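# Whatever this is, show me its structure:
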Amino acid sequence: DNFLERMGQKPGSDPYTSNLEQDLRLWASYRGQTVARTVRGMMQYENALRIYYAVRELRNYQSIAGQATVSLNVDEETMTTIRKKFLYLITCQRYHVWMTSKPGSKEMRKKLDADYLLNKYRSLRIAYIEDQPGGLHYSCLIKGSGEAGKDPELLYRVQLPGKPIIGEGKPENQNHAVIFSRGEMLQTIDMNQDNYLEEALKMPNFLEEMEDQQGSGKEPRRWHILGFRE
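Here you go, the predicted model:
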């Protein structure tokens, strides 16, 4: 009933006959410890960058026109710049297993759900391990195709010297994917966590903690690990 009320439907309506199945699945996923919930939360960093850009442009515009309103709708060129500042990378160890599963199976449904997230969030990437006969293993990186029903675009496929998972799955799954990370700062997070826009807006504060202060007259700050609440 809570979901139906949010979607403007009558109480007792069947969401599966109202073309609301995907909305219902997302609504349920956002209330559990799921990948969809974590992806939605971490993509708040992109929204924060849009806000900072809008505020900066508003300040510049106000100096000319006197007043203006904030809009988070930015052009494609600006979004390209924002995506250079932020990239979210998921290490999905079983994605290749899902890819090779039978159509209509539970495993294939998981693959389609992952593809949906890739298309929904254009700054999202998925890294996975591809195991081939003969003991060959590859680290692969994909991004969304931008079209529903179309397979993701393969960006990189790197042959590994051996089997990458020989101990604990989580750290070694991250290790094989770290080659696809870019930039100067790397934040790691478990898939069962969430993030909020208010926390994402603190980005300049924690990036400042990592700044090299040499030449500023201050004592050089050593690199360190900075923790944030879940």
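# quick one: the strands in the protein?
88-91, 124-132, 136-143, 153-159 (DSSP state E).
# From the chain's centroid, how far away is the last one?
Yep, that's strand 153-159 we're talking about. 18 Å (C-alpha atoms, centre = their mean, to the nearest Å).
# for stretch 192-209, how far is the first residue from the last?
26 Å (C-alpha to C-alpha, to the nearest Å).
# no, scratch that, I was asking about stretch 139-156
Stretch 139-156 has an end-to-end distance of 8 Å (C-alpha to C-alpha).
# next one: stretch 140-153
11 Å.
# And Ala36, what's its pLDDT?
pLDDT, Ala36: 92.
# Give me the spatial nearest neighbour of it, chain neighbours excluded.
Taking C-beta to C-beta, 6 or more residues apart in numbering as the measure, Ala36 lies nearest to Ser29, with 4.0 Å between them; neighbours along the chain are not counted. C-betas here are computed from N, CA, C, even on glycine.
# The one you found reaches Val39, doesn't it?
No: between Ser29 and Val39 there is no contact under C-beta atoms under 8 Å: 9.7 Å.
# For the two, indicate the residue with more neighbours.
Neighbours were counted for Ser29 and for Val39 using other C-beta atoms under 10 Å; Val39 has more, 21 against 17.
# State the distance from that one to Leu124.
Relative to Leu124, Val39 is positioned 6 Å away (C-beta to C-beta, to the nearest Å).
# ranges for the helices of the chain?
Residue ranges of the helices in the chain, as given by DSSP state H, are 2-6, 21-29, 35-42, 44-65, 76-85, 95-99, 106-120, 169-177, 197-200, 203-208.
# Of all the ones you listed, which one is nearest Leu141?
Minimum separation from Leu141 across those (C-beta to C-beta) falls at helix 169-177, 7.7 Å.
# Report the distance from the closest one to the chain centre.
With C-alpha atoms, centre = their mean, you get 17 Å for helix 169-177.
# give me the number of residues near Lys150?
Lys150: 11 neighbours (other C-beta under 10 Å).
# Using neighbour counts, pick out the buried residues of stretch 135-147.
Neighbour-count burial for stretch 135-147 flags His137, Tyr138, Ser139, Cys140, Leu141, Ile142, Lys143, Gly144 (criterion: 16 or more other C-beta atoms under 10 Å).
# what separates Ser145 from Arg6, distance-wise?
30 Å.
# scratch that, Thr38
The value you get for Thr38 to Arg6, if C-beta to C-beta is used, is 21 Å.
# Now tabulate the strands of the chain in JSON lines and tack on mean pLDDT and distance to Ile165.
What follows is the strands of the chain, written out as JSON lines (pLDDT from 0 to 100; distance: least, C-beta to C-beta, whole Å):
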{"stretch": "strand 88-91", "mean pLDDT": "92", "distance to Ile165": "11"}
{"stretch": "strand 124-132", "mean pLDDT": "93", "distance to Ile165": "7"}
{"stretch": "strand 136-143", "mean pLDDT": "94", "distance to Ile165": "9"}
{"stretch": "strand 153-159", "mean pLDDT": "95", "distance to Ile165": "16"}
